[in-house]
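Trainee: compute the structure for the input listed below.
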Amino acid sequence: MRALEDDFDRPKEECGVVGFWTHPEMKAEVARMAFFSLYALQHRGQESAGMAVSDGNLVTMHKGMGLVSQVFDETAMTNLKGHFGIGHNRYSTTGDSHVRNAQPYHVSTLHGPLSVAHNGNVTNAAALRKALMERGVGLMSTSDTEVITQYLAAPVPFKDRTAPRWEQRLAQLLDVAEGAYSLVVMTRDCLYAMRDPLGMRPLCLGRLKNRDGKVMGWMVASESSALLTLGAKHLREVGPGEIIRIDKNGITTVKPPVAEKSTAMCIFEHVYFARPDSKIEGQTVQVVRQRMGTQLAKEAPAEADVVFGVPDSSLPSAMAYAEATGLPQTEGLIKNRYIGRTFIEPTQEMRENKVRLKFNALRENLEGKRVVMIDDSIVRGTTMYQLVRLVREAGKAKEVHVRIASPPINNPCYMGVDLASREHLMAAQMDVDAMCKAIGADSLAFLSPEGLHKAVRGDEPKPCGHCDACFTGNYPVDVSFFEESDAKRQFEL
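Mentor: Reported below is the predicted structural model:
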């Protein structure tokens, strides 16, 4: 039974990865550092967690289903010995929800141990899987991460088969693997980090120091918030298509990043996924979301008395919307932050009214008022319907005007974000007026795609491109295999 959080009408998080390399003489507790950095990335995946730690000779691993705090205890932490390692939080997009698909993946090779953790979705994984099996490689899971691991362990042979050539193997993977992925890879004596050539998934680099100010080592993480948790200095982001090696000699760029003009960073990182205190593309996510609210106020003002946001990712946009329109901001909904962590099955009656399990309306702030409710997105529309109903019935609001700080989601994502299939996406099935009627709002408006890009770019155009396929249908990679599968499923339904 998954946590109740999974039942809510939200885009499901991707995954979070971390990697560490510290000088052995510094005696750093790498497993403990990985634990707290994964804890900081818990919002990116709550299905499973794991880590692999090495002392240069022996790799120890621990992984399991559940939250970071449920998977790791003091016994597990004590057994994870070493001065470098990798960790992972998972939400399944490719592969079943099963412990066999939990990461990191680890195999023994002719050139020593190999451990891999991955965030994203390799869109041509089926073709790579078939190629591996044709070469006699057996696979034990349904995860594309195992495909990546085995491809690195058994690549198309090089002329010199006696050399490890991990750098060449990683570069070769970049050439053949399509889609979205950030990887942390651990070999016998070093740590590698890399992003897909389009830079669709985030990955950043930081430096670790001890209390005396001496450099302990370095770390990489999906978001800079994980660095901040450990007091690490945020150095920069790993570039799209870049491969870096971290070992006793420090940081080495094995393969430089590709030209930024051809990249396609997932724009939903700014809309919803990333923590507001994380820095992506050189700007804090909180600031970007505030610009979304300001732009939304320009495009879709409303005659109302108060503004409030649906906790939590919508709060920056709501604050900026209120400021731009001159309307007072208030708290309209209080969120129960722990209900998503229960694995106890609610009754059918409770399930049908699940929003009340997670939110309470503040009647004192809403009663008799025309309210603007800001949210970050609408997927299926089921939760928004219940939120509008809650604000009307429990909050006693006079009018409810819904404003969404992103465009309508018309298309599924095939690059590692678990959105609904097209037949379940509300905006793909009806226009805005019909959506407004279906959710029971007095009015409904979305931020335009142009407005979203303007908010993400800020005052100065940013060199990094963005993937907005869920809004526009303009996919940066070939997704015909998935679209054909969707069409077949709809036909069968």
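
Trainee: can you report how many residues neighbour residue 336?
Mentor: 12 (other Cβ atoms under 10 Å). No exception for glycine: its C-beta is placed from N, CA and C like everyone else's.

Trainee: hmm, it is touching residue 354, no?
Mentor: No. The pair residue 336 / residue 354 is not scored as a contact, 11.3 Å apart, by Cβ atoms under 8 Å.

Trainee: where do the helices sit along the stretch 351-493 of the chain?
Mentor: Here the stretch 351-493 of the chain has its helices, by DSSP state H, counting those that start in this stretch, at 354-358, 363-366, 382-393, 426-429, 432-439, 449-457, 469-472, 480-492.

Trainee: nearest to residue 316, out of those?
Mentor: Closest of the helices of the stretch 351-493 of the chain to residue 316 is helix 449-457, at 11.0 Å (criterion: Cβ to Cβ).

Trainee: can you show me the CA trace of the closest one as PDB?
Mentor: Provided in PDB are the C-alpha atoms of helix 449-457 (Å, rounded to 0.1, in the frame of the first residue of the first chain):
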ATOM      1  CA  PRO A 449       3.300  29.500 -22.000                       C
ATOM      2  CA  GLU A 450       4.900  32.800 -23.000                       C
ATOM      3  CA  GLY A 451       4.300  34.200 -19.600                       C
ATOM      4  CA  LEU A 452       5.800  31.100 -17.900                       C
ATOM      5  CA  HIS A 453       9.000  31.400 -20.000                       C
ATOM      6  CA  LYS A 454       9.200  35.100 -19.300                       C
ATOM      7  CA  ALA A 455       9.000  34.400 -15.600                       C
ATOM      8  CA  VAL A 456      11.600  31.700 -15.800                       C
ATOM      9  CA  ARG A 457      14.000  33.800 -17.800                       C
END
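
Trainee: what confidence value was assigned to residue 312?
Mentor: Note on residue 312: pLDDT of 88.

Trainee: and residue 54, by the same measure?
Mentor: 97.

Trainee: that one bridge partners, please.
Mentor: Judged by DSSP bridges, the bridge partners of residue 54 are residue 59, residue 84.

Trainee: so how far is residue 62 from it?
Mentor: Applying Cβ to Cβ, to the nearest Å, the value for residue 54 to residue 62 is 13 Å.

Trainee: over to residue 382?
Mentor: Separation of residue 382 from residue 62 (Cβ to Cβ): 37 Å.

Trainee: in this protein, where's the longest helix?
Mentor: Longest helix in the chain by number of residues (criterion: DSSP state H): helix 285-299.

Trainee: tilt between it and helix 449-457?
Mentor: Orientation check (axes from the mean of the first three to the mean of the last three Cα atoms, to 10 degrees): helix 285-299 against helix 449-457 gives 150 degrees.

Trainee: next secondary structure after helix 285-299?
Mentor: Sequence order places strand 306-309 as the next helix or strand after helix 285-299, per DSSP states H and E.

Trainee: tell me what that following strand is packed against?
Mentor: Packing partners of strand 306-309 (3 or more Cβ pairs under 8 Å, 6 or more residues apart in numbering; DSSP states H and E): helix 315-325, helix 363-366, strand 370-375.

Trainee: please state the offset of the second one from the chain centre?
Mentor: In this case it means helix 363-366. 34 Å (Cα atoms, centre = their mean, to the nearest Å).

Trainee: residues contacting it, please?
Mentor: 306, 308, 330, 331, 332, 391, 394, 395, 396, 397 (Cβ atoms under 8 Å, 6 or more residues apart in numbering).

Trainee: go on, the last one?
Mentor: Residues from elsewhere that reach strand 370-375, judged by Cβ under 8 Å, 6+ apart: 293, 296, 302-310, 314, 317-318, 321, 325, 327, 332, 384, 387-388, 391, 395, 397-405, 442.

Trainee: let's see that with 7 Å instead.
Mentor: Here strand 370-375 makes contact (Cβ atoms under 7 Å, 6 or more residues apart in numbering) with 293, 302-310, 314, 317-318, 321, 327, 332, 384, 387, 391, 397-405.

Trainee: buried residues in it?
Mentor: Residues 370, 371, 372, 373, 374, 375 are the ones in strand 370-375 that count as buried (16 or more other Cβ atoms under 10 Å).

Trainee: pLDDT of that strand, averaged?
Mentor: The predicted model gives strand 370-375 an average pLDDT of 98.

Trainee: distance from the chain centre to it, please.
Mentor: Put simply, strand 370-375 sits 26 Å off its chain's centre (Cα atoms, centre = their mean).

Trainee: chain center to stretch 329-337, what's the gap?
Mentor: Centroid separation for stretch 329-337 versus its chain: 24 Å, with Cα atoms, centre = their mean.

Trainee: can you give me the buried ones in that stretch?
Mentor: Using 16+ other Cβ under 10 Å as the test for burial, stretch 329-337 gives 329, 330, 331, 332, 333.

Trainee: wait, a helix at the third one?
Mentor: No. Per DSSP: H, G, I helix; E, B strand; the rest coil, residue 331 lies outside any helix segment and is coil.

Trainee: which strand residues bridge residue 399?
Mentor: When bridges are called by DSSP bridges, residue 399 pairs up with residue 370.

Trainee: hmm, residue 442 and it touching each other?
Mentor: Yes. Counting by Cβ atoms under 7 Å, residue 399 touches residue 442, with 4.5 Å between them.

Trainee: state the distance from the residue lying closest to residue 425 once chain neighbours are set aside to residue 324.
Mentor: Spatially, and ignoring its direct neighbours in sequence, residue 425 is nearest to residue 409 (5.6 Å; Cβ to Cβ, 6 or more residues apart in numbering). As judged by Cβ to Cβ, residue 409 and residue 324 stand 24 Å apart.

Trainee: looking at the two, which one has more neighbours?
Mentor: Shown here are residue 409 and residue 324; by other Cβ under 10 Å, residue 409 has more neighbours (25 against 17).

Trainee: residue 422 is in contact with the more buried one, correct?
Mentor: No. With contacts counted by Cβ under 7 Å, residue 409 stays clear of residue 422, the gap being 9.9 Å.

Trainee: other residues contacting stretch 305-323?
Mentor: 272, 276, 286, 289-290, 292-294, 296-297, 327-333, 335, 365, 369-376, 387, 403, 405.

Trainee: got the end-to-end distance for that stretch?
Mentor: Taking Cα to Cα, to the nearest Å, stretch 305-323 runs 13 Å from one end to the other.

Trainee: got the buried residues for stretch 228-242?
Mentor: Those would be 228, 229, 230, 232, 234, 235, 237, 238, 239, 240, 241, 242, for stretch 228-242 by 16+ other Cβ under 10 Å.

Trainee: what's near enough to touch the third one?
Mentor: Contacts were defined as Cβ under 7 Å, 6+ apart; by that measure residue 230 touches 33, 36, 37, 208.
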